[in-house]
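# Take a look and give me a structure for this.
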Amino acid sequence: MSSNDNNNDEKEKTSDETTRRRFLALGAGAVLSSSSLNACGTDQKERGIQVSESQRAYKRKTPSRVSLDKTTYDELLPVLERNWKLLGPDIKGKKIFLKVNLVDWRPDKPLCTDPRFVDAVIQLMQKNGAAVIKVGDGPAITRDTERLVQKSGIEAVMKKHGMKFVDLNIDDLVEVTNPLKFTGEDKFLLPQSVTTSDMLISLPKLKTHHWALMTASMKNLFGVLPGRKYGWPKNILHIKGIDKSIVDLVSAIKPQFAIVDGIVAMEGDGPLNGTGLDFGALIMGDDVVAVDTVCGSCMKLPVAVIPYLKIAGMCIGNADLNQIEILGKTVADMQRNFEFPPTFEPDGRPRNLTNLKTGSDGGLT
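Next comes the predicted model:
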């Protein structure tokens, strides 16, 4: 590594807070005030969202299946293959888009989907006959996606497989209908690389979250939104409310599957300032609501009161463990106590943020 790279890395590390605050005020003409930040998923009004009968009619009508297993990055591929055989869809001849979580890079924090995880999933797709495999994200903080892909280790994986990383922040856009309209948005502009794929698979890094309490396969979809349209870090939808936006995005993007990197997770003040936790969990399924419910249950989070999960359980998928068949390990086998973000009480209620000094990640993924 050159001395210039070392200097750049040190500058990135010491200016993170300044960078986050600066980006909150940038992009698509959206500026987040302190009151708007408090509305990003933690005020009480957000928890009183009304769900109409037409929105409820959109809900999945059948029980869900989620596989839960324990593994390490070194043993990952055979464990992936074993669980894929249990409930993986037929992807032979299909175009697959793998939506990774590449929010930012810090050498001492597990912020992103691990490159070993991405590598193993690509191999899984190849072995099961996928015709086209694309990997991408729309990073929420840095606008230098090329540098972020390189630093995170994803670039080396792309080169290994002869692929190019897709920067969703600058991809061509397609107008897509928003079925549920909790945000009031009738349509979203989504990247063409996503809309032209046969299947989008969410590959999140499992973390606690400063504003949403948990980020997993559903929250990961914030990175699909192009920064050049919705701002950095996707400010327009933060203003409309994180919980409403998550549910709307799931209904509009329609992810067909999720494979969650919970091998090294994050607890505490995530998604940027938390602490790495060796969790060893691999969670996957075709109902992202059910997948995230199992994730939160394994983290001992109060999943019944996480706003976006509660809403999604009414109008998208299954957020009740009684409606989810868990294959492999049980929740009891995998459960660990995750440290909560400082913005939440242990029962899942948001704390009064008026006098609470916290970092401002703006609802990043």
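
# Identify the residue nearest the residue most central in space within the chain in space, chain neighbours excluded?
Most central in the chain under C-alpha atoms, centre = their mean is residue 220, positioned 1.7 Å from the mean C-alpha point. Counting by C-beta to C-beta, 6 or more residues apart in numbering, residue 220 lies nearest to residue 204, which is 3.7 Å off, once chain neighbours are set aside. Every C-beta, even on glycine, is put in place using the N, C-alpha and C of the backbone.

# so what's that neighbour scoring on pLDDT?
We have a pLDDT of 98 for residue 204.

# Strands of the stretch 51-200 of the chain, start to end?
Listed in chain order, the strands of the stretch 51-200 of the chain (DSSP state E, counting those that start in this stretch) span 64-70, 95-100, 132-137, 166-167, 173-177, 187-191, 199-203.

# Packing partners of the fourth one?
In other words, strand 166-167. strand 132-137 (3 or more C-beta pairs under 8 Å, 6 or more residues apart in numbering; DSSP states H and E).

# show me what contacts the residue nearest to the centre of the chain?
Listed by C-beta atoms under 8 Å, 6 or more residues apart in numbering, the contact partners of residue 220 are 99, 101, 202, 203, 204, 365.

# hmm, back to that, ok, the residue nearest to residue 220 - contacts?
Residues near residue 204 by C-beta under 8 Å, 6+ apart: 101, 113, 215, 216, 217, 219, 220, 258, 260, 261, 365.

# can you put the residues you listed in JSON lines and add pLDDT and distance to residue 164?
Conversion of the contacts of residue 204 to JSON lines gives the following (pLDDT from 0 to 100; distance: C-beta to C-beta, whole Å):
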{"residue": "101", "pLDDT": "97", "distance to residue 164": "19"}
{"residue": "113", "pLDDT": "98", "distance to residue 164": "17"}
{"residue": "215", "pLDDT": "97", "distance to residue 164": "26"}
{"residue": "216", "pLDDT": "98", "distance to residue 164": "27"}
{"residue": "217", "pLDDT": "98", "distance to residue 164": "24"}
{"residue": "219", "pLDDT": "96", "distance to residue 164": "26"}
{"residue": "220", "pLDDT": "97", "distance to residue 164": "21"}
{"residue": "258", "pLDDT": "98", "distance to residue 164": "24"}
{"residue": "260", "pLDDT": "98", "distance to residue 164": "25"}
{"residue": "261", "pLDDT": "98", "distance to residue 164": "22"}
{"residue": "365", "pLDDT": "70", "distance to residue 164": "22"}
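
# Mind checking which of the residues you listed land in helices?
Within the contacts of residue 204, no residue falls in helices by DSSP state H.

# my guess is residue 365 contacts residue 141, does it?
No. Using C-beta atoms under 8 Å, residue 365 is not in contact with residue 141; the gap is 10.1 Å.

# Can you check which residues contact both of those two?
Common contacts of residue 365 and residue 141, defined by C-beta under 8 Å, 6+ apart, comprise residue 103.

# Can you give me every residue that contacts residue 303?
By C-beta under 8 Å, 6+ apart, residue 303 lies in contact with 292, 293, 296, 297, 309, 319.

# Now restrict those to buried residues only.
Neighbour-count burial (16 or more other C-beta atoms under 10 Å) applied to those gives 292, 293, 296, 297, 309, 319.

# In three-state terms, how would residue 282 be classified?
At residue 282, secondary structure determined by DSSP: H, G, I helix; E, B strand; the rest coil is strand.

# what about the protein, any weak spots by pLDDT?
1-48, 353-364 (pLDDT under 70).

# Repeat the analysis, applying 80 as the threshold.
Scanning the chain for pLDDT under 80 picks out 1-48, 142, 352-365.

# returning to what we had before: biggest separation within the contacts of residue 220, which pair?
The span of those, defined through C-beta to C-beta, is set by 203 and 365 at 11.7 Å.
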